[in-house]
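Chemist: got a predicted structure here, sequence first:
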Amino acid sequence: MISRARHGGIALELASAYGAAGARVAAWALVSALVYRRGGAEALALVALVRATAGLLNYTTVGLAPAIVRTASRARRGRVGPCAGRTSAAGLARVYSSAQLLAIVALVLGLALAALFAATFHLWLRADGTGGGSWVATIRGGAGAAAHGAAPGAPGGISGVVMMVVFSLAAGTVLRLSAEAGGALAQAAGRLAMDNALFIAAETTWVAATIVLLPIAPVAEAAAIGYAVSGAAHLIARWMLAAHSAGFLVFKPSLISRRRIAHLLHFGIWVMLSQWADFLYAPV
């Protein structure tokens, strides 16, 4: 039978999870409304397209978050690999150090891919100038770009504002994905409700940052930079929450285990392959 205290904890976790889901929907609704009202359909189309396409960067984390939840939960019970028979605190510290190293590598790789994505964005869309609309002009840095506050001359003819929008949204996505590793450790340590509260705070930060940046930047750029800023804040907050459970902030080299890294990668790659299969074969 579930104790009254535990029942209350489950209720709080469920409420926070619904709150996090609602905050995500509400934040996107508010930001998209601002972008459409201030920048028109073209600006909203750009933000929506990039935000959806940047989701492909999810694969840079190689399924690290679910692998961490599984491994950390087992390590707390002293049932896995190098942590077998050790205290739960020692097991969690070893998982924390190995997972943080992998997350840092994934973050660097993801940001590099985000920069490449931004530099080649016009090639991905095949913006060949046919049609002559403001959307194509914006992408190619022509007259429409000037109307959106952009300066032509960036690599490949893509406008400076568009490149900033693409990179900021992609970087924000990567930062949020890297934060998943810290969130997974916090969740495995029993801090699910607090982790969901940080998610709500991150979505609120995105809306607030966008509003603050509106007077000094084109609306699409303000939304994109706000997304990156909130992603960075989310990353720091979730890793600090995980550090509170592990007892230290930066990973300790002495606690990094090759076997632990191999275990995380082995499970995470299978998760990534299943996600990839779902992406390729799911109906559209």
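Modeler: Structure's in. What do you need? Keep in mind that what you see is a predicted model, and the values were worked out from it rather than measured.
Chemist: output stretch 203-217 as PDB, restricted to C-alpha atoms.
Modeler: Extracted as PDB, the C-alpha positions of stretch 203-217 are listed here (Å, rounded to 0.1, in the frame of the first residue of the first chain):
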ATOM      1  CA  GLU A 203       9.300  28.400 -20.800                       C
ATOM      2  CA  THR A 204       8.400  31.500 -18.900                       C
ATOM      3  CA  THR A 205      11.900  32.800 -19.400                       C
ATOM      4  CA  TRP A 206      11.500  32.300 -23.200                       C
ATOM      5  CA  VAL A 207       8.400  34.500 -23.300                       C
ATOM      6  CA  ALA A 208       9.900  37.200 -21.000                       C
ATOM      7  CA  ALA A 209      13.200  37.300 -22.900                       C
ATOM      8  CA  THR A 210      11.300  37.700 -26.200                       C
ATOM      9  CA  ILE A 211       9.300  40.600 -24.900                       C
ATOM     10  CA  VAL A 212      12.400  42.300 -23.500                       C
ATOM     11  CA  LEU A 213      14.300  42.000 -26.800                       C
ATOM     12  CA  LEU A 214      11.400  43.200 -29.000                       C
ATOM     13  CA  PRO A 215      12.500  47.000 -28.800                       C
ATOM     14  CA  ILE A 216      16.000  46.200 -30.000                       C
ATOM     15  CA  ALA A 217      15.700  43.400 -32.500                       C
END
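Chemist: counting contacts, what elements does the helix or strand where Leu123 lies pack onto?
Modeler: In this assignment (DSSP states H and E), Leu123 forms part of helix 121-124. Applying 3 or more CB pairs under 8 Å, 6 or more residues apart in numbering; DSSP states H and E, we find helix 121-124 packed against helix 134-140, helix 160-188. For every residue, glycine as well, the C-beta is placed using N, CA and C.
Chemist: change it to 10 Å
Modeler: helix 4-53, helix 134-140, helix 160-188 (3 or more CB pairs under 10 Å, 6 or more residues apart in numbering; DSSP states H and E).
Chemist: pLDDT weak spots in this protein?
Modeler: Along the chain, segments meeting pLDDT under 70 span 1-8, 59-62, 73-91, 124-159, 245-252, 275-284.
Chemist: for Gly268, which residues are in contact?
Modeler: Contact analysis of Gly268 by CB atoms under 10 Å, 6 or more residues apart in numbering lists 61-68, 70-71, 99, 102, 106.
Chemist: which one of the residues you listed is nearest to Trp270?
Modeler: Nearest to Trp270, judged by CB to CB, of the contacts of Gly268 is Gly63 at 7.1 Å.
Chemist: looks like that closest one contacts Phe267 (just checking).
Modeler: Yes. Counting by CB atoms under 10 Å, Phe267 is a contact partner of Gly63 at 7.1 Å.
Chemist: and the two? Which one has more around it.
Modeler: It is Gly63, of Gly63 and Phe267, that has more neighbours when counted by other CB atoms under 10 Å, with 23 against 19.
Chemist: please name the nearest non-neighbouring residue to the more buried one.
Modeler: Once flanking residues are discounted, Gly63 sits nearest to Val271: 3.0 Å by CB to CB, 6 or more residues apart in numbering.
Chemist: picking that back up, quick one: which of the contacts of Gly268 is most hemmed in?
Modeler: Most neighbours among those, by other CB under 10 Å: Ile68, with 31 neighbours.
Chemist: now do the contacts for that residue.
Modeler: Neighbours of Ile68 in contact, by CB under 10 Å, 6+ apart: 75, 95-96, 98-100, 102-103, 180-188, 242, 264, 267-268.
Chemist: run the last query once more with 8 Å
Modeler: 95, 99, 181, 184-185, 188, 264 (CB atoms under 8 Å, 6 or more residues apart in numbering).
Chemist: closest one of those residues to Ala52?
Modeler: So of the contacts of Ile68, ranked by how close each gets to Ala52 (CB to CB), first place is Ala181, at 22.9 Å.
Chemist: from Pro66, how far off is the closest one?
Modeler: 10 Å (CB to CB, to the nearest Å).
Chemist: one step back: residues near the residue nearest to Gly63, how many?
Modeler: 17.
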